[in-house]
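1. Fold the following, please.
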Amino acid sequence: MREFKNIPYSLEVEVTHNLREKAPHGSPLMPLAVYIDDFRKYSSPVIQHHWHPEIQLAYILKGSVEYEFYGKKFLLNKDDGLFINSNILHMSITHDPENTQMITILFNPSILSGINQIEIENEYISPVISCKDLKYILFTNKIYWHRQILKKIPALIYSEEQKEFGYKLEQKNIIGEIWLAIIRNSKDIISSNNTSVSIDEDRIKIMLQFINENYTKNITLNEIASSANLSKSECCRCFKRTIKISPFTYLIQKRIFSSVGLLSTTNYPISYISERVGFNEISNFYKTFKSIMNMTPAEFREKEKHIKNK
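-> Predicted structure coming up:
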């Protein structure tokens, strides 16, 4: 893995009751933060569903990461990049955490306009972050303007690592160049001016929030649906339309991914962990865990111990 001296490692994502990421990024004077995502340091290979008001750029240094946006999945490989717009619900997973590393850059759009730059904000920033048809952009080396952005992201990483005199100004300029490339090449989408948040997006956030708060209990489909004032059938259709899985599948995944953290960071008996994350029978927990993680809970715990003892 590549080593960095001056770039902090990203902490595991923690969310509020409505799935907003808890951690602030940057500061009011410099609303930009750069992190290393080293999946070996996480208790789970999954970064759970969350959203944040900051714009996010990601760049894969090693391995591959699968991102999911409202049910659509995309695999990013080494040297691929990603733009995630403000307030967009997303999650990610790697299937090889020991050999996966990426850089995450988060910035508030205010870094682009500064103070009292109303004209710039109104013309070039607000239309982008309010455009619901521009949720994300995957950057690959197959498209010319993508390649230009993929060259600028490592330059920003280098700036953060070296912190030479004037580096904050340099980073602001790089972000400005990236933003300019995005708006010039996405002007047709932006000019369509679709700023409406779909009813499904609001509903799914409410129901995911309910599951995240109650997954350890024996919750029912009716309770999940009722949290968003829906019938059971409309609840299932909403899940299929947005994140492409059933409410039950999401609930089971949430329980398994939560158990991964407990297996990695505690010495609790597996039977206790099974019960704590909402499984009534340990045999069902073992079967479900293996179907999702491709190993048993005991094998996963042993693997984690081996990694930590290296």
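2. In three-state terms, how would the residue in the chain sticking out farthest from the centre be classified?
-> The outermost residue of the chain, judged against the average C-alpha position, is Phe165 (32.0 Å), by C-alpha atoms, centre = their mean. Under the three-state scheme (DSSP: H, G, I helix; E, B strand; the rest coil), Phe165 adopts coil.
3. looking at this protein, which helix or strand does the model trust least?
-> helix 118-120 (a mean of 80; mean pLDDT, DSSP states H and E).
4. how far does that helix sit from the chain's center?
-> Mean-position distance between helix 118-120 and its chain equals 30 Å (C-alpha atoms, centre = their mean, to the nearest Å).
5. got a list of what Glu170 touches?
-> Listed by C-beta atoms under 8 Å, 6 or more residues apart in numbering, the contact set of Glu170 reads 159, 164. From N, CA and C alone the C-beta is placed, and that goes for glycine too.
6. quick one, helices of the stretch 51-200 of the chain?
-> Listed in chain order, the helices of the stretch 51-200 of the chain (DSSP state H, counting those that start in this stretch) span 110-113, 118-120, 126-129, 144-162, 167-185, 187-191, 199-214.
7. Tyr268 reaches Leu262, doesn't it?
-> Yes. With contact defined as C-beta atoms under 8 Å, Tyr268 reaches Leu262; the gap is 6.0 Å.
8. So which of those two has more stuff around it?
-> More neighbours surround Leu262 than the other of Tyr268 and Leu262, with 20 against 14 (other C-beta atoms under 10 Å).
9. returning to what we had before: list residues touching both of Tyr268 and Leu262?
-> By C-beta under 8 Å, 6+ apart, the residues touching both Tyr268 and Leu262 are Arg276.
10. Check this protein and tell me which residue is nearest its centre.
-> Mean-position check on the chain, C-alpha atoms, centre = their mean. Result Met91 at 4.0 Å.
11. how far away is that one from Gly261?
-> The gap separating Met91 from Gly261 is 15 Å, by C-beta to C-beta, to the nearest Å.
12. And Ser191, by the same measure?
-> Taking C-beta to C-beta, one finds Ser191 at 44 Å from Gly261.
13. Could you list the low-confidence segments of the stretch 51-200 of the chain?
-> Along the stretch 51-200 of the chain, the model assigns pLDDT under 70 to residues 114-116, 193-197.
14. just to revisit the earlier point, give the residue from Ser191 and Gly261 that has the larger number of neighbours.
-> Gly261 (16 against 9).
15. Secondary structure element for the more buried one, which one?
-> helix 247-265 (DSSP states H and E).
16. What is the very next helix or strand once past that helix packed up against?
-> Heading C-terminal from helix 247-265, the first helix or strand you meet, by DSSP H and E, is helix 270-276. Counting contacts by 3 or more C-beta pairs under 8 Å, 6 or more residues apart in numbering; DSSP states H and E, helix 270-276 packs against helix 247-265, helix 282-293, helix 297-308.
17. Domain ranges for the chain, per the record?
-> 32-191, 199-308 (automatic domain parsing).
18. Same list, these, but as TSV with distance to Pro8 please.
-> Below are the domains of the chain laid out as TSV (distance: least, C-beta to C-beta, whole Å):
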stretch	distance to Pro8
domain 32-191	6
domain 199-308	20
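19. Go through these and name the closest to Lys5.
-> domain 32-191 (6.9 Å; C-beta to C-beta).
20. Now do the end-to-end distance for that closest one.
-> 27 Å (C-alpha to C-alpha, to the nearest Å).
21. Also stretch 113-132?
-> 21 Å.
22. Nearest to Val13, out of the domains of the chain?
-> Per C-beta to C-beta, nearest to Val13 of the domains of the chain: domain 32-191, 5.3 Å.
23. Tell me how far the closest one lies from the chain's centre.
-> 11 Å.
24. Tell me which stretches of the stretch 1-150 of the chain form strands.
-> With DSSP state E, counting those that start in this stretch applied, the stretch 1-150 of the chain shows strands at 32-38, 46-50, 55-62, 64-69, 72-77, 81-84, 90-93, 101-107, 136-139, listed in chain order.
25. separation between the residue lying closest to Glu98 once chain neighbours are set aside and Leu134?
-> Of all residues beyond its chain neighbours, the one nearest Glu98 is Arg40 (5.6 Å), with distances taken as C-beta to C-beta, 6 or more residues apart in numbering. Applying C-beta to C-beta, the value for Arg40 to Leu134 is 33 Å.
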